[in-house]
Structures are given as structure tokens and as C-alpha cells.
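Engineer: pasting a predicted model and its sequence here:
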Amino acid sequence: MSAQTPDTRDEDVPTDAESGATTPESERKTVSTPIRTHPTVRPTLIWLGVVTVLGVGVIAAIWTNTDLVGGPQVANVVIQAVGLLTLLGILRFLARVYVLRQTKYVVDEDTITRQYELFFRTWQRTVPVSKVRSHELRQSRVQKLLGYGTISLNQGLGAIELENVTSPHSLYDDVSTLVEQ
């Protein structure tokens, strides 16, 4: 049995005018630029919910049964401590949601930029595509389940991360195309 190859017609595959060689499909792919995206806040909202539910649950458990911690006076101190820690956790994740909402990622033919604004001040990190030495896509099980991932670009002197991007495989393919050109 012989393996069948797909039928390719001359008009489907462009040729180099001088040599007559054909250009493979992978080399013809161009990235529509610039690509503008932003991180998703879903994982942070999930952690915000977990911290809130756990904090309220612990407070409710101690409130209803003060003997768990040694009496009503100790329970009052523990409830205040857990309440404070829960409030700090909630504030931390709310601040993270705010920063993520202000973050933008821009990928064009020459540079990859991560930019965010916080309190009327802008922070920006730009990496020239020509300086990118390696790149990788990371997805934990939860990230894969929720449809997001982190793309890390190493330029030798540090990495720039495009964290929690939606459609990470598509963006990674576009970045790979730019880096390999």
C-alpha cells in the first residue's frame, strides 16, 4: 500500500520567480499585526471567591461554636484575626483585578510590549522580537480547563511574561512565527 499525498496545484503554492522553488505553507504565514490583548481576570476572581468563602466559613464556624478555640473571649480574638486576614486577602485580589484590567499586551512585527497603568502612571516593558532567545507556553491544569495560559519570552537578560491570556495557543503560534522569521 502506498501513502496518498494531497493533490497540490501550481496555483495554490507560490513559487520564487528566480529559482522556481515552491514556498511551504508554514513560511507563507504572516501575522496580522499588531495583536492587542489583555490578561483575563478569571483566575484572580476565583481566588477572590475562595478567600472570601474560606474566611467567612471559618468565622461562621468559630462564631457558632466558641468552644473550638477555648471559649468566647479567645473566639472573639480569633474571629477578629481571621476577619482581618480575610479583608487583607480580599483587598489584595481586588488590587490585582484592577491592575489586570489596566494591563495591555501588544505584539507587532518588531516588538512585544507589556504595559499597564496604575494611578495615572504608566509602566511599560518592551522586548524587540529580534532579541527573543526562547519562548514558551505554560498552562496549568486549571488554566487549561478555563482556556487561558502564560507565554514567557526570554531575552537573555530577563523574561517578559504575557500572563493569563485567552486563546494562548493562537497567540503563541503568532509569537513563534514572528520570532522564527
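Structural biologist: Sure thing, it's come through. Computed from a prediction, not measured in an experiment: that's the story for all the values here. Numbers count the residues shown, from 1 in each chain.

Engineer: can I get stretch 81-94 in PDB, CA atoms only?
Structural biologist: Backbone C-alpha positions of stretch 81-94 (Å, rounded to 0.1, in the frame of the first residue of the first chain) are rendered in PDB as follows:
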ATOM      1  CA  ALA A  81      -7.800  38.000  63.300                       C
ATOM      2  CA  VAL A  82      -9.400  35.800  60.700                       C
ATOM      3  CA  GLY A  83     -11.600  38.700  59.600                       C
ATOM      4  CA  LEU A  84      -8.600  41.000  59.200                       C
ATOM      5  CA  LEU A  85      -6.700  38.300  57.200                       C
ATOM      6  CA  THR A  86      -9.700  37.800  55.000                       C
ATOM      7  CA  LEU A  87     -10.100  41.500  54.500                       C
ATOM      8  CA  LEU A  88      -6.400  41.800  53.500                       C
ATOM      9  CA  GLY A  89      -6.700  38.900  51.100                       C
ATOM     10  CA  ILE A  90      -9.800  40.400  49.500                       C
ATOM     11  CA  LEU A  91      -8.100  43.800  49.200                       C
ATOM     12  CA  ARG A  92      -5.000  42.200  47.600                       C
ATOM     13  CA  PHE A  93      -7.100  40.300  45.000                       C
ATOM     14  CA  LEU A  94      -9.200  43.400  44.200                       C
END
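
Engineer: now do that stretch, average pLDDT.
Structural biologist: Here stretch 81-94 scores 96 as its mean pLDDT.

Engineer: show me the beta-bridge partners of W123.
Structural biologist: On the basis of DSSP bridges, W123 is bridged to Y116.

Engineer: if I read this right, it contacts T113, doesn't it?
Structural biologist: No: with contact defined as C-beta atoms under 8 Å, W123 does not count as touching T113 (10.9 Å). From N, CA and C alone the C-beta is placed, and that goes for glycine too.

Engineer: the two: who's more crowded?
Structural biologist: Using other C-beta atoms under 10 Å as the criterion, W123 and T113 rank with T113 on top: 17 against 12.

Engineer: assumed the more buried one was part of a strand.
Structural biologist: Yes: assessed with DSSP: H, G, I helix; E, B strand; the rest coil, T113 lies in a strand.

Engineer: and it, what pLDDT?
Structural biologist: 86.

Engineer: my read: it touches V106, true?
Structural biologist: Yes: using C-beta under 8 Å, T113 makes contact with V106 at a distance of 4.5 Å.

Engineer: how about low-confidence regions in this protein?
Structural biologist: 1-33, 156-157 (pLDDT under 70).

Engineer: and the top helix by length along the chain, which residues are buried?
Structural biologist: Longest helix in the chain by number of residues, with DSSP state H as the criterion: helix 72-102. Neighbour-count burial for helix 72-102, with 16 or more other C-beta atoms under 10 Å as criterion, is recorded at A75, V78, I79, V82, T86, G89, F93, R96, V99, L100.
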